[in-house]
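**Q** For reference, the sequence and a predicted model appear below.
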Amino acid sequence: MPKPIPIGADHAGFAMKQVLADELRQLGYQVEDVGTDSEASTDYADYAHKVAREVGSGDAERGVLLCGTGLGMSYAANRHHGVRAAVAWNEEVARLSREHNDSNVLVLPSRCLSNDEARSILHTWLDTKFEGGRHVNRIRKIEETE
């Protein structure tokens, strides 16, 4: 059985998280929803750390986070060793984050995207493989500072 994909959001990303969790299930992924469970105000870092801990520890290969701009989630998630959280606002950024940076956490700015745009970005990110090659050394240099 494949490893689960944890997904988390603050209040700004809650509604879109529900949509993307359903999309992941329809694609056959095992989804672990780490919260939040409503649109009541909450702190993004709580959910970013939950997802990033799972990815950083290897319990999950990839994760998904959502907040209003995506920035707060990415700041918190990227504090974890082995996590490369990428804010993607279109398919090209999602694709490049995988090909060149081997991103393992997708962060979506829910206030800047429609549900259809978010689904397309998610699909691109899931379907894109890491190129390796010259990018391996670049990732190694990122990890040296962790």
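**A** Thanks, I have the structure now. Not measured: the values here are computed from a predicted model.
**Q** Which residues does the helix or strand of the chain with the lowest mean pLDDT contact?
**A** In the chain, the helix or strand scored least confidently by mean pLDDT, DSSP states H and E is helix 134-144, which has a mean of 92. Residues from elsewhere that reach helix 134-144 (Cβ atoms under 8 Å, 6 or more residues apart in numbering): 81-82, 84, 99-102. C-beta coordinates here come from the backbone N, C-alpha and C atoms, glycine included.
**Q** let's go with 6 Å and repeat that
**A** Residues outside helix 134-144 that contact it (Cβ atoms under 6 Å, 6 or more residues apart in numbering): 100, 102.
**Q** Any buried residues in it, and which?
**A** For helix 134-144, the neighbour count (16 or more other Cβ atoms under 10 Å) marks no residue as buried.
**Q** Next, give phi and psi for the residue most central in space within the chain.
**A** In the chain, the centroid-proximal residue (Cα atoms, centre = their mean) is Leu106; its distance is 2.3 Å. Backbone torsions for Leu106, taken as degrees, to the nearest 10, come to phi -90, psi 130.
**Q** Then Val31?
**A** The phi and psi values for Val31, taken as degrees, to the nearest 10, are phi -100, psi 130.
**Q** which residues does it bridge with?
**A** Listed beta-bridge partners, Val31: Ile5 (assigned using DSSP bridges).
**Q** how far away is it from Lys3?
**A** To Lys3, Val31 is 11 Å away according to Cβ to Cβ, to the nearest Å.
**Q** hang on, isn't the residue nearest to the centre of the chain packed against Trp125?
**A** Yes - Leu106 is within contact range of Trp125, at 4.8 Å (criterion: Cβ atoms under 6 Å).
**Q** give me the beta-bridge partners of the residue nearest to the centre of the chain?
**A** Val64, Ala86.
**Q** Check what pLDDT it gets.
**A** According to the prediction, Leu106 has pLDDT 99.
**Q** All good on my end, thank you.
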